[in-house]
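Participant: Below are the sequence and a predicted model for it; my questions follow.
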Amino acid sequence: MTDVPSAETAKTAAPFRADLRRSVRLFSAFRKEQTDPDFFYGLLARDTVAQLAAYTPLDGRLVLDVGGGPGYFADALREAGARPVCVDCDAGEMSMRDGSPPEGAILGSALDLPLADGTIDVCFSSNVLEHVPDPWRMTDEMVRVTRPGGLVYLSFTNWLSPWGGHETSPWHYLGGHRAARRYQRVHGKRPKNVYGESMYAVSVGAALKWARSCSNVEIVDALPRYHPRWASTVIRLPGLREIVTWNLLLILRRR
């Protein structure tokens, strides 16, 4: 099975364009994440699947959505012709849209994926890595279940980005625990994403180091997920990239 899009696919699929207009649209949508999650996550899922399809054809492919929750990405993948399987450790998250988990969902941990070695064509994860206590165990698991020649799409919000503390941002720059205490004091409740419990500090540098040291993958691409393509050079600037990248995307090919 080749990962080169067919001529028919190239003619029918709309080309993915990582331009400034797209970036503005996505960053504007972030304001509705809490108030209108269907709008925000639906938009993000469609954009993400279009981005993924620029690297590999999806029609008929078995795609594992790691930490897929209520299934927004699984729905968009299915619309693109893929066969998505959603794995999440939180039954409540998976059922939050209509009271039932997504079609084909599996209750399981990203740190111990309930699949055999080399069984997935594409292993996909969006904004989950910063929510697990052992991120590099999760990435190793994603590589393990991907077939040789298959693709890994890994994206996460890095800690020092403006949204690194999620709803506690930008106060996370003064410390994760302090930001959580401030949020509770201001809003009268704990944040959904609690530093040290359900949110952890993951850096761009550490992710690149892991990818370069992993003998089972080759790096196809490394870029700021939401930025215009011309902004990708920031990845090569240590220090600055931790703030400017906002969200790192790694595209990896399983050896």
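Facilitator: Looks like it came in fine.
Participant: which residues make contact with the longest helix anywhere in the chain from outside it?
Facilitator: Scanning the chain for the helix with the most residues, using DSSP state H, yields helix 37-53. Under the criterion CB atoms under 8 Å, 6 or more residues apart in numbering, residues 13-14, 16, 18, 22, 25-26, 29-30, 32-33, 58, 70, 72-73, 75-77, 79-80, 97, 122, 124, 126, 151, 153, 155, 225, 249 lie in contact with helix 37-53. Bear in mind the C-beta positions are built from the backbone N, C-alpha and C, glycine included.
Participant: Pull out the buried members of those.
Facilitator: Buried members of these, counted by 16 or more other CB atoms under 10 Å: 13, 16, 18, 22, 26, 29, 58, 70, 72-73, 75-77, 80, 97, 122, 124, 126, 151, 153, 155, 225, 249.
Participant: quick revisit: same question for the longest helix of the chain: list its buried residues.
Facilitator: In helix 37-53, counting by 16+ other CB under 10 Å, buried: 40-53.
Participant: And stretch 244-255, by the same measure?
Facilitator: Per 16+ other CB under 10 Å, stretch 244-255 contains these buried residues: 244, 245, 246, 247, 248, 249, 250, 251, 252, 253, 254.
Participant: what's the farthest-apart pair in those residues?
Facilitator: In those, the most distant members under the criterion CB to CB are 244 and 254, with 29.3 Å between them.
Participant: quick revisit: which one of the buried residues of helix 37-53 sits closest to residue 116?
Facilitator: Each of the buried residues of helix 37-53 was scored against residue 116 by CB to CB, and residue 52 proved nearest at 22.9 Å.
Participant: which one of the buried residues of stretch 244-255 is nearest residue 220?
Facilitator: Using CB to CB, residue 251 is the member of these that sits closest to residue 220, with 4.2 Å.
Participant: give me phi/psi at the closest one?
Facilitator: Torsion angles at residue 251 (phi, psi; degrees, to the nearest 10) stand at phi -110, psi 120.
Participant: is it true that it touches residue 155?
Facilitator: No. Counting by CB atoms under 8 Å, no contact exists between residue 251 and residue 155, whose distance comes to 9.5 Å.
Participant: Work out for me the element residue 69 sits within.
Facilitator: Element membership of residue 69 [criterion: DSSP states H and E] is none; it lies in no helix or strand.
Participant: what's the next secondary structure element after the helix or strand hosting residue 208?
Facilitator: Element membership for residue 208, per DSSP H and E: helix 204-213. Per DSSP H and E, the first helix or strand lying C-terminal to helix 204-213 is strand 217-224.
Participant: For residue 183, the count of nearby residues, please.
Facilitator: Taking other CB atoms under 10 Å as the criterion, the count of residues near residue 183 is 24.
Participant: Give me the pLDDT value at it.
Facilitator: Note for residue 183: predicted pLDDT of 97.
Participant: and it, helix, strand or coil?
Facilitator: Three-state secondary structure (criterion: DSSP: H, G, I helix; E, B strand; the rest coil) places residue 183 in helix.
Participant: you'd agree it is up against residue 192?
Facilitator: No. Under the contact definition of CB under 8 Å, residue 183 does not touch residue 192, with a separation of 9.7 Å.
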